[in-house]
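Colleague: Sequence first, then the predicted structure, then my questions.
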Amino acid sequence: MAIERTLSIIKPDATRRNLTGKINAKFEDAGLRIVAQKRIQLTIDQAGMFYDVHRARPFFGELTEFMASGPVVVQVLEGEGAVLKNREVMGATNPADAAPGTIRAEFAESVGENSVHGSDAPETAAQEIAYFFSGLELVG
Ligand code: ATP
Ligand code: MG
């Protein structure tokens with residue numbers, strides 16, 4: 001399988017509870033390398049641009065307000081099949097459905113406040129990485 005990069009976000013519910021290190025350990029233990037990382041505060045508009053695909057969903061307002069409710073850690077993860085591997089480490093969107101040992105099973109508070117985001121395909125990963133990082137910030 002090819003070496004890929006994927007965009008990960010540690011969401012405000014997790015930064016608020018000081019879980020950045022525990023979540024990063026899950027990524028590293030799974031063989032994913034954190035090749036770029038920064039802690040930022042999104043505006044509601046910036047969160048809305050990022051989750052534009054969900055604009056028509058009933059939870060869009062709740063989602064963008066939550067994503068702007070505190071700092072997030074945006075990061076680029078690299079490794080073999082990184083997009084899928086990260087989705088496996090994250091677990092299902094709803095923590096009630098997430099497999100034991102996954103980030104969402106261990107840390108998520110609800111389907112909305114679910115601790116992490118991960119790109120869902122290599123194409124969206126490339127777009128999402130470019131949304132947050134310049135080429136100069138990706139040193140490998
Ligand atoms: P993400 O895109 O954040 O990695 P995902 O791909 O598992 O999550 P999506 O269907 O893309 O799930 O939903 C994006 C985000 O919107 C979810 O992670 C969650 O924070 C929020 N969300 C999804 N469904 C609901 C819902 N029914 N109620 C509230 N929030 C929701
Ligand atoms: Mg998604």
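Modeller: Received it, and whenever you're ready, just let me know what you need. Ligands and ions are numbered 1, 2, ... in the order given.
Colleague: can you confirm Ile9 is in a strand?
Modeller: Yes. With DSSP: H, G, I helix; E, B strand; the rest coil as the criterion, Ile9 is located in a strand.
Colleague: quick one: it and Leu77, what's the gap?
Modeller: Taking C-beta to C-beta, to the nearest Å as the measure, Ile9 falls 11 Å from Leu77. In this view, the C-beta of every residue, glycine as well, is placed from N, C-alpha and C.
Colleague: Which one of these two is surrounded by more residues?
Modeller: Using other C-beta atoms under 10 Å as the criterion, Ile9 and Leu77 rank with Leu77 on top: 29 against 23.
Colleague: doesn't the more buried one fall inside a helix?
Modeller: No. Judged by three-state DSSP, Leu77 forms no part of a helix; its state is strand.
Colleague: just checking, it touches Ile34?
Modeller: Yes. If you go by C-beta atoms under 8 Å, Leu77 and Ile34 touch, sitting 6.2 Å apart.
Colleague: Next, count neighbours for Gln37.
Modeller: Neighbours around Gln37, by other C-beta under 10 Å: 16.
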